[in-house]
Structure formats: structure tokens, C-alpha cells
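Trainee: next come a sequence and a model predicted from it.
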Amino acid sequence: MRARGAVLVEIGRERPYASSRPIEVVDVELDPPGPGELLVRMEAAGVCHSDLSVVDGNRVRPVPMLLGHEACGRVEQVGDGVDDLAVGQRVVMAFLPRCGECAGCRSDGRLPCTPGSAANNAGELLGGGRRLHGADGSGLSGELHHHLGVSGFATHAVVDRRSVVPVDDDVPPEVAAVLGCAVLTGGGAVLNAGKPAQGDTVVVVGLGGVGMAALITAVSLGLGDVIGVDAVPEKLARARELGATAVHTPAEALEAGLKAPVVVEAAGNARAFETAVALTGVGGTTVTVGLPAPTAEATIRPLGITAEARTIVGSYLGSAVPARDIPTYAQMWREGRLPVDALISSRTTLDGINEAMDALADGRAVRQVVLFDGPESGSGSTGGGSGA
């Protein structure tokens, strides 16, 4: 079938992307779903730094690649062997599929799935191969690579069953989409990796989509103070509105000698990581979920880690088991304890994807969401890009 999608044709073009246009919105051809696969009509897709990191070259992926990994949609067709999902059901995409059999899958979320990671790096689905092709007249030929098993910046996608988690219809599309990456990663950094105890202060360094999700998750626990750290004043103000006990710029936090038992780094750069380590108290845990450039280097003092019995934990996808954790976050949203809606700073259309990447790179966005035409997907009009 023919779909329309946002394809990254060249990595590393100069900014602004609104002018250099590294992403082209074109027609693509989709193979029908094979055994164990689904055809999904997309309803909403979040714009995440993991998308930007492919565009700017910080995460090397094969191109041409149809981007987008934080998304939700409706099942339109099921392949052979899929008997637990029905046509019309809403599903959330999980960008790291789990085979359920490897050592990583037996680690209760602590380690990534080995076959899932290999498929993502190759631009393939978990079952092997690609289902995307350039359409006649698109200027693209041959197979197109999948982004993290999802390729959600498109009207339709073929995905492996193990890349989706069903959610109830009461969860709106844009909320459901954000559950699949920002909340799964940020919330999991707190719940699965940081594991704060009663009375613990949680500090979040970097208040983009993932960091703000970590912040609202920490607030929802009601265990102790929650402090937001970021260099952008608008994001600090928003963190206050979302329940942060206090907010600081990195310089302010360091000058004040702030220390906490749980510190989450969600900015994805070396200086933020250094700040997070410095803010971690005796016996505390630094959880790092940001994805800096592969060449980035940080400086820390090893003696402080040893003498103060501190722990540094890497947490990919929030150390999550998506099938277990996404329904938990959906229920927390349903109960009014997790204001996922408040993470959405603006809405756009597929044609505005290059501009959305600029807003993300400028630090102006918390979570931008691409809306697709559909009965429950909204008008798709572009909102403000302040990131507030």
C-alpha cells in the first residue's frame, strides 16, 4: 500500500533544517504485514532527541531512513500468528522490541534485548528485513530503513507485534504516543533505576520531554522534594507549575552545594552528566538516560564515588519492560496522578517536521507532537514552539 512519510535522506546537513531540508515528506510503499506483524494507521507521533540525534549525526543510522519512534495508532491489519490484537485497537509503539528469550530480556528491563538492538541498528524489524520502499515519483528507490522498528513519522507503518503495547481507547492519541518514549524513559529512570525511598529528594537535570516526564513521575510518588535543573528559564517555570519543589540553573545548583540521594540526568550531554554526578549525595544514585554524542567525554572524580559509596546507573528506555510499564503509566494518567498532557509543548503536522527539529535543537521544546488526520487526532494545527 502507499503511505506518506518523513524520510531522512542525508545526515549532518547544516542548520537551520527548515532551509537545508534533510527530511523529505514523500510517498512510500509499504509491504503487507508478514507473520507476527501489524499494519498500523498512525494517529500521533512525538518528536524526540533520539530523532534529532540521527538527523545531526550524533547517532549513526543507515539512510535513507523513515524517522519517528514515539508514536501510537490503530491496528488496520494483522499478520499470521497475531491472535491477541484486533483491527481497530489502539497501540503504543515501543522503540526497543523485546524478543522475550535473550539474556537482556531476562534481566527485567535492566538490559536491552540483544536481537532488538541489532535490528534497530540495521534499520530492520525484529523479524528481519524491511517493509518500506521508495514510491514512484518520490525520488527515492529501493528499500528504506526503519527507525527503531517503528518509523512513526508516517501515515501508516508495518511493525513487529513485539514493538507495540495495546492501550484502552480512553487514552488520547497524543498522550498514548508520549507514553512510549518520554514517559517510559523518564518515568522508568525514577521508578526502575533510581528507586527513591520515602523522604528522598529527587533532582532532574535536563527538562526536555524525558526529563520533565521524570519530574512529574517523581512528583506523583509524593516521597520527598523534587528539584528541576535546566539552563532555560521557561523550562524551569514549567517545572514549577508541574509540582517541582524548587528549580535551579546548573550553576545555581552547584554553587548552592545541592546534594540529593537520587539524581536523574536527562539532557544527553557530558556537562549535564558531570553536573548530575556532582549533585549526587553520599550513598546516592546518579541515573543517566541522556544519549550524548559517541565522542563525548566527561570528567568525574573516582575517589568521590568510592569514598561516598555512590552509584552511577545507565538506564536505556528507563530500564523498562514496555508491556508491563506502559499500562502502569496509563493508569497513573487516568487517575490524574501523572499529567502527561502537560508535557506537550506544541503540535504540528508531518510537513513541519524539519522546523520541529530546529525547535528541538534550539532547546525550545519539551515535547512536540505530530498529529495525523483521523477522527480522534485533532486538526494538526501548529502550536507555539516555546517549550513552556
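Mentor: Thanks, I have the structure now.
Trainee: pull the number of nearby residues for the residue lying closest to Thr288 once chain neighbours are set aside.
Mentor: Distance criterion CB to CB, 6 or more residues apart in numbering; nearest residue to Thr288, sequence neighbours excluded, is Glu265 at 4.5 Å. C-beta here means a position set from N, CA and C on the backbone, and glycine is covered the same way. A count of neighbours around Glu265, defined by other CB atoms under 10 Å, yields 30.
Trainee: what sits against Glu265?
Mentor: Listed by CB atoms under 8 Å, 6 or more residues apart in numbering, the contact partners of Glu265 are 205-206, 272-273, 275-276, 286-290.
Trainee: the same query, at a cut-off of 7 Å, please.
Mentor: Counting by CB atoms under 7 Å, 6 or more residues apart in numbering, Glu265 touches 205-206, 272-273, 276, 286-290.
Trainee: beta-bridge partners for it, please?
Mentor: Counting by DSSP bridges, Glu265 is bridged to Val205, Thr288.
Trainee: number the chain from 36, please
Mentor: Happy to do that; since the first residue is 36 now, the last one works out to Glu300.
Trainee: look up how far Leu256 lies from it.
Mentor: As judged by CB to CB, to the nearest Å, Glu300 and Leu256 stand 19 Å apart.
Trainee: wait, Leu175 sits on Val42?
Mentor: Yes: because the distance of 6.5 Å satisfies CB atoms under 7 Å, Leu175 is recorded as touching Val42.
Trainee: sorry, back to before: format the contacts of Glu300 as CSV; extra columns: distance to Cys140 and pLDDT.
Mentor: Output for the contacts of Glu300, formatted as CSV (distance: CB to CB, whole Å; pLDDT from 0 to 100):
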residue, distance to Cys140, pLDDT
Val240, 30, 98
Gly241, 29, 97
Ala307, 30, 97
Phe308, 28, 97
Ala311, 28, 98
Thr321, 26, 98
Val322, 21, 98
Thr323, 22, 98
Val324, 20, 96
Gly325, 24, 92
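Trainee: among those residues, which one sits closest to Ala154?
Mentor: Val324 (21.5 Å; CB to CB).
Trainee: so which of the contacts of Glu300 is the closest to Thr284?
Mentor: Val240 (10.7 Å).
Trainee: for the closest one, give me its contacts.
Mentor: Contacts of Val240 (CB under 7 Å, 6+ apart): 264, 298-302, 307, 310-311.
Trainee: those residues, buried ones only, as a PyMOL selection?
Mentor: Burial among those is assessed by 16 or more other CB atoms under 10 Å; the matching PyMOL selection reads:
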select buried, resi 264+298+299+300+301+302+307+310+311
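Trainee: which residues touch Phe308?
Mentor: Here Phe308 is in contact with 300, 323, 333 (CB under 7 Å, 6+ apart).
Trainee: next: Leu102.
Mentor: Going by CB under 7 Å, 6+ apart, the list of residues near Leu102 reads 41, 43, 58, 86, 89, 182, 186, 188.
Trainee: ok, now Leu271?
Mentor: Leu271 neighbours (CB under 7 Å, 6+ apart): 263, 265, 282.
Trainee: which one among the contacts of Glu300 gets closest to Ala342?
Mentor: For these, the nearest to Ala342 is Thr321 (15.3 Å; CB to CB).
Trainee: which element is the closest one on?
Mentor: strand 315-323 (DSSP states H and E).
Trainee: please compute how far that strand lies from its chain's middle.
Mentor: 23 Å (CA atoms, centre = their mean, to the nearest Å).
Trainee: flag the shaky bits of the protein, pLDDT-wise.
Mentor: 409-423 (pLDDT under 70).
Trainee: ok, Asp203 - how many residues close by?
Mentor: Asp203, neighbours per other CB under 10 Å, totals 12.
Trainee: which one of the contacts of Leu102 has the most neighbours?
Mentor: That'd be Ser186 among the contacts of Leu102, by other CB under 10 Å, with 34 neighbours.
Trainee: and that one, what element?
Mentor: Going by DSSP H and E, Ser186 is not in any helix or strand.
Trainee: quick revisit: now, among the contacts of Glu300, which is nearest to Gln233?
Mentor: Val322 (18.4 Å).
Trainee: I figured that closest one hits Thr346, correct?
Mentor: No: here Val322 lies out of contact with Thr346, judged by CB under 7 Å, at a distance of 9.0 Å.
Trainee: higher neighbour count, those two?
Mentor: The residue with more neighbours, out of Val322 and Thr346, is Val322; 28 against 13, by other CB under 10 Å.
Trainee: distance check, that one against Arg96.
Mentor: From Val322 to Arg96 the distance is 25 Å (CB to CB).
Trainee: Gly71 too?
Mentor: Counting by CB to CB - Gly71 and Arg96 are separated by 24 Å.
Trainee: who's more crowded, the two?
Mentor: Arg96 (20 against 16).
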